[in-house]
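> A structural model of the following input is requested.
(chains A and B)
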2 protein chains.
Amino acid sequence: MPKLWNETVEAHRTQVRDAIVDSAAALVFEHGLRAVTMSQIAEHAGIGRATLYKYFPDVDAILRTWHTRRVEEHLAELVRVRAGSGTAGARLTAVLRSYAHGMHRAGRHDRGLVQALHPDEQISDARNRLRELISELIAEAAYSGELRDDIAADELADYCLHALTAAAELGSDAAVDRLVAVTAAGLRLQVEVE
Amino acid sequence: MPKLWNETVEAHRTQVRDAIVDSAAALVFEHGLRAVTMSQIAEHAGIGRATLYKYFPDVDAILRTWHTRRVEEHLAELVRVRAGSGTAGARLTAVLRSYAHGMHRAGRHDRGLVQALHPDEQISDARNRLRELISELIAEAAYSGELRDDIAADELADYCLHALTAAAELGSDAAVDRLVAVTAAGLRLQVEVE
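Okay, here's the model as predicted:
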């Protein structure tokens, strides 16, 4: 087959995959995790059941793909934030804030979904990269004297990631900003509470 | 029936329930959550399957009972710690430390189990009481000027509970103590890192 044809097929496959993943997510948000079936997803995506099974073996696999995408998007956003201007401490604050607001937007619903999914290598990999990104910024800020250097950066990164999961259950953006300020205070990093 | 007989029957029922719950926990630790069946639990507890079903409808219900017991025991321990001597800040530190070490002992295994269980009213109730206990101590310590008073006590309690879940994945007791010190620093409560 000519190269152009291959590219067209590949683009079509990507479109179908996207439609399946988006359909599954929409159905889960509407009906809840346990109520969604492969048949409903096929119907919602406008494809046959047989076609659906060529792409994914079951609902869990579709939702894992959906979750991995969200984590990857979020990670890309955090990488952009880290590359911004300012001291390591200021960039760390911006990353923590972006992460916390992301957790807040995702909310309880996503967390329930994530807990129900069996953990998967792709998800763990994205989580490890997130942890590393924050750990590196912490080490940099500790080196420049902007935060505590009595505790290893990876332990502090774990602390941040766990503390900020509280954002999923908070009621307002202002409360999320307060959580970030409190978490930063644990690092002895100064963040203003507005 | 005379009262004594009723009490004997009740004591027997409690014993059987305990044996069932302990058997289920032992089997899950040995074989993993998915591999354990009602038949195995009955055999391990030394009772018939029919008897087992008179006590519990399924494995999940047994494990929820097991988890609720653990949370209740832990809560009782924290209530004892709170009642100890010292300032509100010192007692808060002791409570956070006890909670974090409990999470550390329970470890990843318990967390996986808890995430796999469908949430249940009894579990939420115990969690709410835990949150209240910590929130009250925080309010008391804030009032006496031992920690920050710019953020509501219940938000700070949520922060603590989430931050300290990081203890489940830490490698040593010393790392757990460091996590408690960092979390306390977020509250602007002074705790020594040893």
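
> Give me the mean pLDDT for stretch A:43-57.
Mean pLDDT, stretch A:43-57: 95.

> Convert it to CSV, retaining C-alpha atoms only.
Extracted C-alpha coordinates of stretch A:43-57, given in CSV (Å, rounded to 0.1, in the frame of the first residue of the first chain):
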residue,chain,number,x,y,z
GLU,A,43,-24.0,2.5,20.1
HIS,A,44,-22.9,5.8,21.6
ALA,A,45,-19.7,5.8,19.4
GLY,A,46,-21.8,4.9,16.3
ILE,A,47,-19.9,1.7,15.5
GLY,A,48,-20.7,-2.0,15.6
ARG,A,49,-20.0,-4.2,18.6
ALA,A,50,-17.6,-6.4,16.5
THR,A,51,-15.6,-3.3,15.6
LEU,A,52,-15.5,-2.1,19.2
TYR,A,53,-13.9,-5.5,20.3
LYS,A,54,-11.2,-5.0,17.6
TYR,A,55,-10.1,-2.0,19.6
PHE,A,56,-10.7,-2.9,23.2
PRO,A,57,-11.3,-6.2,25.1
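
> distance between it and the chain's centre?
26 Å (CA atoms, centre = their mean, to the nearest Å).

> What lies in contact with that stretch?
For stretch A:43-57, contacts defined as CB atoms under 8 Å, 6 or more residues apart in numbering or on different chains pick out A:16-17, A:19-20, A:22-23, A:26-27, A:38-39, A:41-42, A:62, A:65. Heads up, the C-betas are built off the backbone N, CA and C, glycines and all.

> And the next helix or strand past the lowest-mean-pLDDT helix or strand in chain A?
Lowest by mean pLDDT, DSSP states H and E among the helices and strands of chain A is helix A:88-116, with a mean of 82. Sequence-wise, the next helix or strand downstream of helix A:88-116 (DSSP states H and E) is helix A:121-143.

> State the mean pLDDT of that next one.
87.

> List the buried residues in it.
For helix A:121-143, a neighbour-count test (16 or more other CB atoms under 10 Å in any protein chain shown) marks A:123, A:126, A:130, A:133-142 as buried.

> Restricting the selection to alpha carbons, write the helix or strand containing A:E155 to PDB.
Using DSSP H and E, the element containing A:E155 is helix A:153-164. What follows is helix A:153-164 as a C-alpha-only set of coordinates in PDB (Å, rounded to 0.1, in the frame of the first residue of the first chain):
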ATOM      1  CA  ALA A 153      13.300  15.700  47.800                       C
ATOM      2  CA  ASP A 154      11.500  12.400  46.900                       C
ATOM      3  CA  GLU A 155       9.900  12.100  50.400                       C
ATOM      4  CA  LEU A 156       8.800  15.700  50.100                       C
ATOM      5  CA  ALA A 157       7.400  15.100  46.600                       C
ATOM      6  CA  ASP A 158       5.300  12.100  48.000                       C
ATOM      7  CA  TYR A 159       4.100  14.300  50.800                       C
ATOM      8  CA  CYS A 160       2.900  17.000  48.300                       C
ATOM      9  CA  LEU A 161       1.200  14.600  46.000                       C
ATOM     10  CA  HIS A 162      -0.800  13.000  48.900                       C
ATOM     11  CA  ALA A 163      -1.600  16.300  50.600                       C
ATOM     12  CA  LEU A 164      -2.900  17.800  47.400                       C
END
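
> Name the residues that touch that helix?
The contact list for helix A:153-164 (CB under 8 Å, 6+ apart) reads A:96, A:99-100, A:103, A:130-132, A:134-136, A:138-139, A:142, A:148, A:179-180, A:182-183, A:186-187, B:159, B:162-166, B:169-170, B:175, B:178-179, B:182-183, B:186.

> now the residue nearest in space to the middle of chain A, what's its secondary structure?
Closest residue to the average C-alpha location of chain A: A:V71 at 2.7 Å, with CA atoms, centre = their mean. Secondary structure state of A:V71, per DSSP: H, G, I helix; E, B strand; the rest coil, is helix.

> can you pull the contacts of the closest residue to it other than its chain neighbours?
Spatial nearest neighbour of A:V71, excluding adjacent residues (CB to CB, 6 or more residues apart in numbering or on different chains): A:A126 at 4.1 Å. Counting by CB under 8 Å, 6+ apart, A:A126 makes contact with A:68, A:71-72, A:75.

> Could you pick out the buried ones from these?
For those, buried by 16+ other CB under 10 Å: A:68, A:71, A:75.

> The second one contacts A:R127, doesn't it?
Spelled out, that is A:V71. Yes. Contact criterion CB atoms under 8 Å: A:V71 and A:R127 qualify, at 7.2 Å.

> What parts of chain A come near chain B?
For chain A, the contact set with chain B under CB under 8 Å from any CB of the partner chain comprises A:115-116, A:148, A:150-151, A:155-156, A:158-159, A:161-166, A:169-170, A:175, A:178-179, A:181-188, A:193.

> ok, so of the buried ones among the contacts of A:A126, who is nearest A:D58?
Of all the buried ones among the contacts of A:A126, A:T68 has the smallest distance to A:D58: 15.5 Å, by CB to CB.

> Which strand or helix spans that closest one?
helix A:59-82.

> Would you confirm that A:W66 contacts A:A24?
Yes. Between A:W66 and A:A24 a contact is recorded at 6.2 Å, counting by CB under 8 Å.

> List only those of the contacts of stretch A:43-57 flagged as buried.
Counted by 16+ other CB under 10 Å, the contacts of stretch A:43-57 give A:16, A:19-20, A:22-23, A:27, A:38, A:41-42, A:62, A:65 as buried.
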